[in-house]
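S.K.: Sequence isn't available, so here's the structure alone:
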């Protein structure tokens, strides 16, 4: 009974959203998250199965090749989704100082607490893995042309192979992140791991989210990547589980009797069959790697977790005196240059201190960067490493990539500041509230630009210097500065709530405005790129004029926003979420 209560306690901790919204319902959050996960997997599975119903004439060779590419899609998606889940639960994967402070005082053995914690983690991981992979497994038998009769036994083998490999790939992704986290914690100690934990989590979110977003456009090349051979195919984990699937069930389709296909498919069928069968020696080798890798990473995760669970965690130690001194110098420089007013300083420093510390804020910002990088990759494609000597020949995609990344980053920052740092402590703002919202919001915007936008622009400057040259990259950097400032002012236009303090109120019209916003960003980015290229062809003075025009727009937006705000803003931290009838415009 005690162990069940502890497991239930830790499971509830995973669903704690009272810091995000004062009216959040855990059941609703769980239903929405689970429903979204299953619906997305079901949509992809049905879409892939449907395409075969309109291509019943496909012969076995082409079907086997396409099937391998699709197994790569499902295996990779399962691995990335489960790895992202582990990163999202980053601080909840192991006992933290709050668990030790609350449960450590109770007459409960340490081993029972540790065992209950990791039982809860295993339940969440297993439930998510099954929820994501149940639809692809059930649709596997329908993802075949009707003219290929694999039989009932063959369909069952295909479904079992699909389920086993995708579940194993998802477990590998989750356990890999868990082993990485706990292994570093064991090697570096609690204080050392805390120093790199936030940066490592953000880097993993960016890498995994970018890979997941780029996967739908790249999975169709999996068979060709395998055909290239080399060590790369053996080092990429999704290929291990693809090889395992083909070893188990690859002969079901490839072993079907060949008939003469339609004339326009003869060459494609012959080439696909030759390519697929040429990799038969590689499939068992990859399968052996998968069979060994999954238990190894599981053992590493269990051993690292057991080692770190020898004692309950302790609160972090205080900063050293030299770190405090450096912080004072940095604070004085900021107060003299960036944020002079007291309310601006409050918004500036509160933003800088909150964003790196809260998991929700780090996850939102890292996801925004991942979306921006994915948009850049889709837009630039093969031009990322192509030097452009002539200004007139610079593709618009190269110039527009910067604006797309900045738009994703600033949008992510705008969403991140809607999440409160600590809702239960937000009432302290009511005590010191003066009624002036605009200076505080100004400090928040300046902190976001200095901490997020400026480093991004400098990193992009290095890339642009390599392909465009330093002079052109410098002028492009100036355009990015003006564009980011305008974006920041536009996205905070009409914002009447207290950033990082007020409870989160979800957008009621995101489904209708979201696609329009994305389309508008694409059009605006390419229009700005066209104007910028014309200015670069003219003279540096034209670029300076473009920068001046962007800054003038930003100033006009800022002045207009200040004139629209009331003299005194009423602080309401208990704003209610709109009722379902209001969200559907059914309220009388």
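M.R.: Okay, I see it. No experiment lies behind these values; they were computed from the predicted model shown.
S.K.: how about the nearest residue to residue 73, chain neighbours excluded?
M.R.: In this structure, residue 73 finds its nearest non-sequential neighbour in residue 219, 4.0 Å apart by Cβ to Cβ, 6 or more residues apart in numbering. To be clear about C-beta, it is placed using only N, CA and C from the backbone, and glycine gets the same treatment.
S.K.: list the contacts for the one you found?
M.R.: Going by Cβ atoms under 8 Å, 6 or more residues apart in numbering, residue 219 touches 69, 70, 72, 73, 76.
S.K.: try 10 Å this time
M.R.: If you count contacts by Cβ atoms under 10 Å, 6 or more residues apart in numbering, residue 219 has them with 69, 70, 71, 72, 73, 74, 75, 76, 77, 225, 238.
S.K.: Please apply the same query to residue 149.
M.R.: By Cβ under 10 Å, 6+ apart, the contact set of residue 149 is 155, 256, 257.
S.K.: got JSON lines for those residues, with pLDDT and distance to residue 244 too?
M.R.: Formatted as JSON lines, these follow (pLDDT from 0 to 100; distance: Cβ to Cβ, whole Å):
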{"residue": "155", "pLDDT": "89", "distance to residue 244": "19"}
{"residue": "256", "pLDDT": "85", "distance to residue 244": "21"}
{"residue": "257", "pLDDT": "83", "distance to residue 244": "26"}
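S.K.: ok, now how distant is the residue nearest to residue 73 from residue 391?
M.R.: As judged by Cβ to Cβ, to the nearest Å, residue 219 and residue 391 stand 37 Å apart.
S.K.: quick one, helices of the stretch 251-400 of the chain?
M.R.: 266-278, 282-308, 321-337, 342-354, 359-380, 396-416 (DSSP state H, counting those that start in this stretch).
S.K.: what do you get for the stretch 451-588 of the chain?
M.R.: With helices called from DSSP H, counting those that start in this stretch, the stretch 451-588 of the chain shows them at 454-468, 470-491, 510-538, 540-564, 580-583.
S.K.: which one of the helices of the stretch 251-400 of the chain has the lowest average pLDDT?
M.R.: With a mean of 61, helix 321-337 has the lowest mean pLDDT of those.
S.K.: Check the offset of stretch 95-102 from the chain's centre.
M.R.: What separates the centre of stretch 95-102 from the centre of its chain is 28 Å, taken as Cα atoms, centre = their mean, to the nearest Å.
S.K.: any idea how far the residue nearest to residue 73 is from residue 259?
M.R.: From residue 219 over to residue 259 the distance is 28 Å, taken as Cβ to Cβ.
S.K.: How about residue 137?
M.R.: Taking Cβ to Cβ, one finds residue 137 at 29 Å from residue 259.
S.K.: These two: which has the busier surroundings?
M.R.: The residue with more neighbours, out of residue 137 and residue 259, is residue 137; 22 against 9, by other Cβ atoms under 10 Å.
S.K.: looking at it, that one is touching residue 167, isn't it?
M.R.: Yes: the pair residue 137 / residue 167 is scored as a contact, 8.4 Å apart, by Cβ atoms under 10 Å.
S.K.: which residues do the two both contact?
M.R.: Here residue 137 and residue 167 have residue 130 as joint contacts, going by Cβ under 10 Å, 6+ apart.
S.K.: Give me the residues contacting stretch 36-55.
M.R.: Defining contact as Cβ under 10 Å, 6+ apart, one finds that stretch 36-55 is touched by 58, 62-63, 66-67, 70, 73-74, 77-78, 81, 85, 127-128, 130-148, 162, 166, 216.
S.K.: Could you tell me which of those count as buried?
M.R.: Buried by 16 or more other Cβ atoms under 10 Å: 58, 62-63, 66-67, 70, 73-74, 77-78, 81, 85, 128, 131-137, 139-145, 148, 162, 166, out of those.
S.K.: helix, strand or coil for the nearest residue to residue 378 once chain neighbours are set aside?
M.R.: Excluding its sequence neighbours, the residue lying closest to residue 378 (Cβ to Cβ, 6+ apart) is residue 217, at 6.8 Å. Classification of residue 217 using DSSP: H, G, I helix; E, B strand; the rest coil returns helix.
S.K.: What's the separation between residue 217 and residue 73?
M.R.: Counting by Cβ to Cβ - residue 217 and residue 73 are separated by 11 Å.
S.K.: what residues are shared contacts of those two?
M.R.: Shared contacts of residue 217 and residue 73 (Cβ under 10 Å, 6+ apart): none.
S.K.: Tell me the spatial nearest neighbour of residue 291, not counting adjacent residues.
M.R.: Nearest residue to residue 291 in three dimensions, chain neighbours excluded: residue 244, at 7.0 Å (Cβ to Cβ, 6+ apart).
S.K.: from memory that neighbour sits against residue 287, does it?
M.R.: Yes: judged on Cβ under 10 Å, residue 244 makes contact with residue 287 at a distance of 4.1 Å.
S.K.: Between those two, point out the one with more neighbours.
M.R.: Comparing residue 244 with residue 287 by other Cβ under 10 Å, the one with more neighbours is residue 244, at 26 against 20.
S.K.: so what's the residue nearest to residue 291 scoring on pLDDT?
M.R.: pLDDT recorded at residue 244 is 95.
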